[in-house]
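Enquirer: Sequence and predicted model, in that order:
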Amino acid sequence: MFSEKTINFLVENRIMNSRKWFADHHDDYSKYVVEPLAQLVCELAPTAIAIDELVVTEPKTGKTISRINRDTRFTKDKLFYREEMWISFRRPKHQYPQYPEIYFSLGPNGFSYGCGYYIMKKEALENFRRLIRLRDPLFVSALEAYEVQNKFILGGDAYKRTKHPDEPENIRTWLDRKGVFFSHDSKDASLLFSDRLAPTIAEDLKLLKPIYDFFILCEQPMMSDGDE
């Protein structure tokens, strides 16, 4: 399980910003960060597969577990390491680029989990908006699933001025997004550091399946003829 030592390592490693320090404390990294993340992957894998049987569930760094190293080649921020780590269930990137994902992340400021569709290809974004305007049944199910729960909030970059002034506000909230995610954010250390974490996340993630199904529909080839 995660513990205060998990968070302490992430903070201290970021402060030290030293490859030597990280190498000297690699055992702590494995024990307090990677192993609990891998265990969480294993415990959440059945739920992730129930949502999408094609997602990767291998509990390894670079597969479902984020790398702690940062790529500093093209950034002004030259910190070597991340302060936040995450796991991600998504389809293989080489076959399904820019697809939605199911995630869990943690860091010094708490933890978060949910579903993200962060960067949509142009065609997928057009399909996303088109299906919403048409009130496709999968969108209606996704909207209902979102509006009957109080666990996840909708977020993502949005246009400052709506492009769909004639739509109801709850629909514009979706339509005006450039990317979208549904997240539950928490600072509940008593949950994070307990064996209740995985069952709690698994049960909550089930609420997002209709939303995830709609996201996957947006990735399908767009129908061609006048169905609007």
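Expert: That came through, no problem. Residues are numbered from 1 along each chain as shown.
Enquirer: what about the residue nearest to Tyr118 when sequence neighbours are not counted, how many neighbours?
Expert: Taking CB to CB, 6 or more residues apart in numbering as the measure, Tyr118 lies nearest to Gly179, with 4.5 Å between them; neighbours along the chain are not counted. To be clear about C-beta, it is placed using only N, CA and C from the backbone, and glycine gets the same treatment. Neighbourhood size, Gly179 [other CB atoms under 10 Å]: 16.
Enquirer: Tell me if I'm right that Gly179 and Ala124 touch.
Expert: No: counting by CB atoms under 8 Å, Ala124 is not a contact partner of Gly179; they are 10.3 Å apart.
Enquirer: Residue ranges in the chain under the pLDDT threshold?
Expert: Low-confidence segments of the chain, defined by pLDDT under 70: 74, 222-228.
Enquirer: which residues make contact with the strand or helix carrying Ser190 from outside it?
Expert: Of the helices and strands defined by DSSP states H and E, Ser190 is found in helix 189-192. Counting by CB atoms under 8 Å, 6 or more residues apart in numbering, helix 189-192 makes contact with Phe2, Glu4, Leu106, Gly110, Phe111, Ser186, Leu197, Thr200, all of which sit outside it.
Enquirer: Stretch 133-145 now?
Expert: Contacts of stretch 133-145 from elsewhere in the structure, counted by CB under 8 Å, 6+ apart, are 131-132, 164, 167, 170-171, 174-175, 207-211, 213-214, 217, 227-228.
Enquirer: redo that, cut-off 6 Å
Expert: Residues external to stretch 133-145 that are found in contact with it (CB atoms under 6 Å, 6 or more residues apart in numbering): Leu131, Ile132, Pro210, Ile211, Asp213, Phe214, Leu217.
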